[in-house]
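Visitor: Provided below for reference: sequence and predicted model.
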Amino acid sequence: MVFSEIGMDKSHAGTGVLLVVLGDYAGNDVGTDIVGKGEPIQLDYRLEKSGNDWKIYDVNVLGVWLVENYRNTFAQEISANGIDGLIAKMAERNKAAAARS
């Protein structure tokens, strides 16, 4: 099913943000443009059917898929330092992020 929807997010009323959704549920990819005062921002996402609901499992911002990007980054770290190196690096980043918040 192909659908097209244009709507204003009520929680951002008065900000001039317009969400334009053009997608194809059959392929489970949905393309979205966020239109505000500047240039539109491409924000696409991939969906998976879960019961009666659709759940987002990957996000594309300006041409970069988040899951694919992490997969490549993790593969490089595993190749260089093994799985233990990846786990150590992730633990280090989590610790640094917790310290900042």
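Guide: Thanks, I have the structure now. Residues are numbered from 1 along each chain as shown.
Visitor: if I pick the residue nearest to the spatial centre of the chain, what's in contact with it?
Guide: For the chain, V59 is the residue whose C-alpha lies nearest the centre (CA atoms, centre = their mean; 2.1 Å). Contacts here follow CB atoms under 8 Å, 6 or more residues apart in numbering; on that basis V59 touches L43, D44, Y45, R46, W65, L66. From N, CA and C alone the C-beta is placed, and that goes for glycine too.
Visitor: What score does the first one have for pLDDT?
Guide: Per-residue confidence (pLDDT) for L43: 84.
Visitor: Just confirm it is within a helix.
Guide: No: applying DSSP: H, G, I helix; E, B strand; the rest coil, one finds L43 to be strand, outside a helix.
Visitor: unless I'm mixing things up, V30 is touching Q42, no?
Guide: No: in this structure, V30 is not within contact of Q42 by CB atoms under 8 Å, at 11.7 Å.
Visitor: Give me the more crowded residue out of the two.
Guide: V30 (20 against 13; other CB atoms under 10 Å).
Visitor: hang on, that one in a strand?
Guide: Yes: according to three-state DSSP, the state of V30 is that of a strand.
Visitor: And stretch 52-64, what's buried?
Guide: Applying a neighbour-count criterion of 16 or more other CB atoms under 10 Å, the buried positions in stretch 52-64 are D58, N60.
Visitor: Show me what the mean pLDDT comes to for that stretch.
Guide: The average pLDDT within stretch 52-64 is 85.
Visitor: Dump that stretch to PDB, keeping only the CA atoms.
Guide: As requested, the backbone C-alpha atoms of stretch 52-64 are provided in PDB (Å, rounded to 0.1, in the frame of the first residue of the first chain):
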ATOM      1  CA  ASN A  52      -1.100  -5.000  14.800                       C
ATOM      2  CA  ASP A  53       1.600  -2.400  15.200                       C
ATOM      3  CA  TRP A  54       4.500  -1.200  13.100                       C
ATOM      4  CA  LYS A  55       7.800  -0.700  14.900                       C
ATOM      5  CA  ILE A  56      10.800   1.400  13.600                       C
ATOM      6  CA  TYR A  57      14.000  -0.600  13.600                       C
ATOM      7  CA  ASP A  58      16.300   1.600  11.500                       C
ATOM      8  CA  VAL A  59      16.600   5.300  10.800                       C
ATOM      9  CA  ASN A  60      18.200   7.200   7.900                       C
ATOM     10  CA  VAL A  61      19.300  10.800   8.500                       C
ATOM     11  CA  LEU A  62      20.700  12.600   5.400                       C
ATOM     12  CA  GLY A  63      21.500   9.400   3.600                       C
ATOM     13  CA  VAL A  64      23.100   7.400   6.500                       C
END
